[in-house]
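Asks: Coordinates for the following, if possible.
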Amino acid sequence: MNERRFTIVESDSTHGSEMPQVPQDATEVLDAYSEAVMQVAERVGPAVVQVGVVHEGRARTERGIVPFKEQGVGSGVIIAPDGYVVTNSHVVHKATQITVTLADGREMVAALVGEDPITDTAVLRISPDLDEKLPVAELGDSDRLRVGQLVIAIGNPHGFQSTVTAGVVSALGRNLRGYGGRLIEGIIQTDAALNPGNSGGPLVDSRGRVVGINTAVIQHAQGLCFAVPINTVKWVVGMLMRDGQVTRAYLGIAGQDRPLHARIRYQFRLVNPSAVEIVEVQSGGPAARAGLRVGDLISAIDSQPVRTIDDLHRYLARLQPGQVARLEVLRRDGGTLQRQEIDVVTDRQAA
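Replies: Model prediction:
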């Protein structure tokens, strides 16, 4: 058998070149990235909590029907110094016991103020010591997010408290089918690593402002994580804190944000750069009864421009079920795009 010989030559001043050095400007970029993440963790971390839940029920076994208790864990974020906490609806739904563990290790019993499964949002209330002001997180503006923007997730994956991960905004305006089977619209997609237990924790921008509430991951996939936009959460939370529930007039559609070509905007004299495209019409619902179709573009409601799903939600939240909403719709009919006005008698959004 032929024998092969190899000679290993060590690099020195006379053989080869020196080890490549990282350029100083690249080091400064890495340091700036690390500094941004560290500052966010230090600023927002104290306001992030662990949410523990107990579900009680009865199960059929070989010994008959027996009671059981099941424990779960999620995350949350304090939004008011007197003890209001935002988390996901699916974390606390039908829980018989809810506890909140603060970043300093203190555990408190929490009361459910209200929940909205449609946006997977819930509000809890804890009672701090008299005159104590709890640390709070600043709420940002999710409408200002851009794809590629740095975001940081803080939560309690698998019970590991105060875990920080970082990534970017991968996409905006996604639709995600929630735990109740309904579509949650306008979702933020990110590759910041999320795991079970992160649900309900904050997604934060590089300035430490909460831009979303983490809600879901796609199992067996990498880098596909989702958060509810904070602008959606804010108006839901306001109603939950005031009324304990969200009462909506609804249309019976699912939609997504759709940019409008400049030619279309000029043709129909539209001021909004985008509209809401209908991607699903609920059978027998208000929209179906009014004749709305998949593919229709909603550009206005009661003469108010509609740019995004959030615009539509916010307007419908001000209507009472049964009120008539006049929609301005762009519809392609016979190859020609036409503008129509369609009156829809709204209905009550089922819980």
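Asks: drop to CA atoms for contacts and neighbour counts, all remaining ones
Replies: Noted.
Asks: Pick out the residue nearest the middle of this structure.
Replies: Centroid-nearest residue in the chain: Val228, 1.5 Å away (criterion: C-alpha atoms, centre = their mean).
Asks: so it bridges to which residues?
Replies: Beta-bridge pairing of Val228 under DSSP bridges involves Ile213.
Asks: Who are the contact partners of it?
Replies: Applying C-alpha atoms under 8 Å, 6 or more residues apart in numbering to Val228 gives the contacts 119-120, 186-188, 212-215.
Asks: Give me the pLDDT for it.
Replies: Per-residue confidence for Val228 comes out at a pLDDT of 94.
Asks: what do you get for Ala193?
Replies: As predicted, Ala193 sits at a pLDDT of 86.
Asks: Contact partners for it?
Replies: 153, 165-167, 223, 225.
Asks: Domain ranges for this structure, per the record?
Replies: 45-125, 138-243, 249-348 (automatic domain parsing).
Asks: weakest of these by average pLDDT?
Replies: Sorting the domains of the chain by mean pLDDT places domain 138-243 lowest, at a mean of 88.
Asks: Phi, psi for the residue nearest to Val345 when sequence neighbours are not counted please.
Replies: Leaving aside its chain neighbours, Val345 sits nearest to Val324 (4.4 Å; criterion: C-alpha to C-alpha, 6 or more residues apart in numbering). With angles defined as degrees, to the nearest 10, Val324 sits at phi -90, psi 130.
Asks: What of the one 10 residues further on?
Replies: Its backbone dihedrals place Gly334 at phi 70, psi 30, with angles given as degrees, to the nearest 10.
Asks: before we move on, what about Ala36?
Replies: Dihedral angles for Ala36 - degrees, to the nearest 10 - are phi -60, psi -50.
Asks: How is Ala216 assigned, secondary-structure-wise?
Replies: Assigned by DSSP: H, G, I helix; E, B strand; the rest coil, the conformation of Ala216 is strand.
Asks: For His158, see how far away Val92 is.
Replies: Going from Val92 to His158 by C-alpha to C-alpha, to the nearest Å gives 16 Å.
Asks: Give me the nearest residue to Phe325, chain neighbours excluded.
Replies: If you look again at residue 325, you'll see it is Ala, not Phe. In space, Ala325 is closest to Val344, 5.3 Å off (C-alpha to C-alpha, 6+ apart).
Asks: could you list every residue that touches that neighbour?
Replies: Contacts of Val344 (C-alpha under 8 Å, 6+ apart): 251, 286-287, 289-290, 324-327.
Asks: most surrounded residue in those residues?
Replies: Leu251 (25 neighbours; other C-alpha atoms under 10 Å).
Asks: That one against Gly284, yeah?
Replies: No. Between Leu251 and Gly284 there is no contact under C-alpha atoms under 8 Å: 10.7 Å.
Asks: partners of the helix or strand in which Val85 is found, with directions?
Replies: Assessed by DSSP states H and E, Val85 sits inside strand 84-87. Strand 84-87 sits in its sheet next to strand 64-80 (antiparallel), strand 121-125 (antiparallel), going by DSSP bridges.
Asks: Please name every helix or strand in contact with the helix or strand following that strand.
Replies: Downstream of strand 84-87, the first helix or strand assigned by DSSP H and E is helix 89-92. If you count contacts as 3 or more C-alpha pairs under 8 Å, 6 or more residues apart in numbering; DSSP states H and E, helix 89-92 packs onto strand 64-80, strand 121-125.
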